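Participant: this one's structure only:
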């Protein structure tokens, strides 16, 4: 039997797993939805849901990976009771990782592209209108989108070809360490801007009146969604790193550490962006354009703005690239666990991702006439919807069922794996089991439903999610019937 690769250190596991969780949701989506929903008051609600929602599911995903010593392509085959069909979840996991990379590689390419634009002075001295035109021009260029998408894809798979320790772990350690150093430097610079204190007050002092004005239901759902999606749980992209981890540490404590690192990046992003916005009179709720249109103008107005802007976009590039590398490793591991050599797996999946990522890269120009979710939507919007509003919540629901039901892997097996080693144990009380089995499942189903409610009108917003949930529940229901025989 071929010896399974292992990480060289616990630090490597924490930084790779955090790199997978830390992505553009932390530094792109988090600041602007915080601005939309009232600043610090929203942050408190977000942190609450991060703890009660993200931590248990992350621990379960790690436990399935370490317990099986396989990627999600074989983990359910290994752990499922005989005769059950839990192994069908692997197809959802493989699909999730692939679809995520089919649009994430394009966005990662944007970050690298903007770093080059900023570093070479292409954005220096431009007005707000001219900066917006640069972004529109980038989207309209098939060459720019395809070139930078291919560049980050080739670089990511090249790193994976070097192996777990010499490629993925080494580069992730370097990038995550550099990311925090760059962020701290940018935070210090933001703090020294005029009127930075107003931005800090907005971000750090809760104002529940502003949160109520935004609408309490909208704020709660936005916080739940951000807490859920920021960790990329449910599609097995984290499970693979659990399979590389030794039995020395308890998994709940490790999940807490990764969540802290993930949250630190989001909070540091806010400490960079909000003081800068208030210093230059920028609307903090200006949406996704905050990164590509608004902030470049902020940097060009600063002394040594090219330097600070370049550091900001290389930080964004690192944040996106650590996620890309981690998910690529998960994809490559699918085939390695089935007996394929690493370099052959890299070539096979690398070529497939390059081809499958083309529609998204071309969806803003050559294929802009394709609007899958209605007027003014893009292929990227559709792919994001498939992952964020479908595969992540559905996958998380199945992980919850698999780890809590006696006709799945079961609560006792999950606890035994999660609590092996030193560190903080996953609570084994009856109330915790009831919480993750019933309450947490309801929360996940609610998030899933809201993804459709926001996108579609009646009756599709009712019929589609109900139909998908019923179809998904066939797997545990079959397991239940099998257990009765």
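Facilitator: Cool, the structure landed. Please read all numbers here as calculations on a predicted model, not as lab measurements. Numbers count the residues shown, from 1 in each chain.

Participant: low-confidence regions, the protein specifically.
Facilitator: Per-residue confidence for the chain (pLDDT under 70) gives these ranges: 1-4, 24, 284-289, 485.

Participant: checking the residue nearest the centre of it next. Helix, strand or coil?
Facilitator: Nearest to the mean C-alpha position of the chain, by CA atoms, centre = their mean, lies residue 232 at 3.9 Å. When classified by DSSP: H, G, I helix; E, B strand; the rest coil, residue 232 comes out as coil.

Participant: now the helices: where do they sit in the stretch 201-350 of the chain?
Facilitator: In the stretch 201-350 of the chain, the helices defined using DSSP state H, counting those that start in this stretch lie at 208-214, 216-229, 239-243, 251-279, 289, 295-301, 305-336, 342-356.

Participant: closest one to residue 482 among those helices?
Facilitator: Among these, helix 239-243 comes nearest to residue 482, with 23.5 Å by CB to CB. C-betas here are computed from N, CA, C, even on glycine.

Participant: separation between residue 52 and residue 427?
Facilitator: The gap separating residue 52 from residue 427 is 12 Å, by CB to CB, to the nearest Å.

Participant: nope, residue 266 is what I was after
Facilitator: 25 Å.

Participant: neighbour count for those two, which is higher?
Facilitator: Ranked by neighbour count (other CB atoms under 10 Å), residue 266 and residue 427 place residue 266 first, with 22 against 15.

Participant: so the more buried one touches residue 230, yeah?
Facilitator: Yes: if you go by CB atoms under 8 Å, residue 266 and residue 230 touch, sitting 7.0 Å apart.

Participant: ok, residue 149 - how many residues close by?
Facilitator: Residue 149 has 28 nearby residues by other CB under 10 Å.

Participant: please disregard the earlier target; I meant residue 431.
Facilitator: As a measure of burial, residue 431 has 9 neighbours, counting by other CB under 10 Å.

Participant: point me to the helix or strand that includes it.
Facilitator: Under the criterion of DSSP states H and E, residue 431 resides in helix 430-434.

Participant: list the contacts of the helix or strand that comes right after that helix.
Facilitator: For helix 430-434, the following helix or strand on the C-terminal side (DSSP H and E) is helix 440-455. Here helix 440-455 makes contact (CB atoms under 8 Å, 6 or more residues apart in numbering) with 52-53, 56-57, 221, 224-225, 228, 373, 385, 388-390, 393-394, 396-397, 400-401, 460-461, 464-465, 468-469.

Participant: let's see it at 6 Å
Facilitator: 221, 224, 228, 389, 393, 396-397, 400, 461, 464-465 (CB atoms under 6 Å, 6 or more residues apart in numbering).

Participant: ditto for stretch 94-107
Facilitator: 149, 152-153, 235, 237, 327, 330-331, 334, 353, 356-357, 360-361, 380, 383, 386-387, 391.

Participant: now the helices for the stretch 1-150 of the chain?
Facilitator: 10-21, 24, 30-36, 40-49, 55-68, 75-79, 89-119, 128-140, 142-161.

Participant: out of those, which comes closest to residue 259?
Facilitator: The closest of the helices of the stretch 1-150 of the chain to residue 259 is helix 55-68. By CB to CB, the value is 5.9 Å.

Participant: what helices and strands are in contact with the closest one?
Facilitator: helix 75-79, helix 239-243, helix 251-279, helix 392-404, helix 411-418 (3 or more CB pairs under 6 Å, 6 or more residues apart in numbering; DSSP states H and E).

Participant: residue contacts, residue 319?
Facilitator: Residue 319 neighbours (CB under 6 Å, 6+ apart): 22-23, 27.

Participant: let's see it at 10 Å
Facilitator: Neighbouring residues of residue 319 by CB atoms under 10 Å, 6 or more residues apart in numbering: 19, 22-28, 108, 111, 175-176, 179, 183, 265, 269.

Participant: swap in residue 192?
Facilitator: 275, 279, 302.

Participant: from those residues, pick the one nearest residue 35.
Facilitator: The shortest gap between residue 35 and any of those belongs to residue 275, at 12.7 Å (CB to CB).

Participant: ok, so what distance separates that closest one from residue 31?
Facilitator: Distance from residue 275 to residue 31, by CB to CB: 12 Å.

Participant: residue 455 too?
Facilitator: Applying CB to CB, the value for residue 455 to residue 31 is 23 Å.

Participant: and what of residue 176?
Facilitator: 20 Å.

Participant: now do residue 119
Facilitator: 22 Å.

Participant: counting neighbours around each, name which of the two comes out higher.
Facilitator: Higher neighbour count among residue 119 and residue 31: residue 31, with 24 against 16, using other CB under 10 Å.

Participant: now that one, nearest residue through space, not along the chain?
Facilitator: Leaving out its chain neighbours, the residue that sits closest to residue 31 by CB to CB, 6 or more residues apart in numbering is residue 273, at 4.6 Å.

Participant: ok, that neighbour touching residue 200?
Facilitator: No: Residue 273 is beyond contact range of residue 200, at 11.3 Å (criterion: CB atoms under 10 Å).

Participant: list residues touching both of these two?
Facilitator: By CB under 10 Å, 6+ apart, the residues touching both residue 273 and residue 200 are residue 190.

Participant: residue 401 contacts residue 86, doesn't it?
Facilitator: Yes: at 8.8 Å, residue 401 and residue 86 qualify as touching, with contact defined as CB under 10 Å.
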